[in-house]
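Novice: Sequence plus the predicted model coming up.
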Amino acid sequence: MFALVTLMALVNQVSGTPYVSGGDSPRGTDCSGLASWVANAATGRPIYGDRFNTGNQERALLARGFKYGTAPDALVIGWDGGHTAVTLPDGTAVSSGEGGGVRIGGGGAYQRQFTHHMYLPMDDVDPVDPNLPPPPPDPEQPDPAVIPADALLPPPPPLPEPEGIPADAMLPPPPDAPSPPDALPPPPPELVPADAVAPPAPDAAGMGV
């Protein structure tokens, strides 16, 4: 039905077109005009002179073969009552009126405020040939053949903690305290001079009357 290169050629050609409300020529267009151009190009219609707006967009897209909803690898158009935008099959977003005229970029068809979506399937996507050889291995990834088997095993579970043992009992013992120094011998008794010792008092029993 259409080719992505056709749509990209159109988008690149009209990119930079000024924003003109109701415009439908290279001199300028609005969001609906851009969606009309892309939808026309995708369905083999003349690009200019057959535009729609957000009020009649659903009917116009149905007439062009669009289906309700979205799909990968398809031309998707989203809109609400005041704006519309396009996402090309390769994911390129195209818009007009989002910060200026026509430009590549923006929110595309998947903007949050859009309440309606329709898509046109892309028929010229080459299917994947199942007979093609697998892609070469990534040199950054190790060869599974040289990975040890035990390297693929999950790590062992942690050992359970013993029950009933105080937490501080698991701490290593403190280092031995240094032995106290050897006890010093007691000091010698203090010497007292002989004359300082008073003679004993006489016995009262031995004194005369």
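Specialist: Structure's in. What do you need?

Novice: make it CA atoms for all contacts and neighbour counts henceforth
Specialist: Fine.

Novice: could you show me where the helices are in the protein, in order?
Specialist: 4-14, 31-42, 57-63 (DSSP state H).

Novice: For the chain, which segments count as strands?
Specialist: 24-25, 28-29, 67-68, 74-79, 84-87, 93-95, 103-104, 116-121 (DSSP state E).

Novice: Okay, now the unreliable bits of this protein?
Specialist: Within the chain, the ranges that satisfy pLDDT under 70 run 1-2, 123-209.

Novice: Any idea how many residues pack against the nearest residue to residue 115 once chain neighbours are set aside?
Specialist: The shortest distance from residue 115 to any non-neighbouring residue, by C-alpha to C-alpha, 6 or more residues apart in numbering, is to residue 80 (5.4 Å). Per other C-alpha atoms under 10 Å, the neighbour tally for residue 80 reads 16.

Novice: and the gap between residue 80 and residue 69?
Specialist: 14 Å (C-alpha to C-alpha, to the nearest Å).

Novice: who touches both of the two?
Specialist: residue 116 (C-alpha atoms under 8 Å, 6 or more residues apart in numbering).

Novice: Show me what the nearest residue to residue 49 once chain neighbours are set aside is bridged to.
Specialist: The shortest distance from residue 49 to any non-neighbouring residue, by C-alpha to C-alpha, 6+ apart, is to residue 24 (6.6 Å). Listed by DSSP bridges, the beta-bridge partners for residue 24 are residue 29.

Novice: Understood, closing this out.
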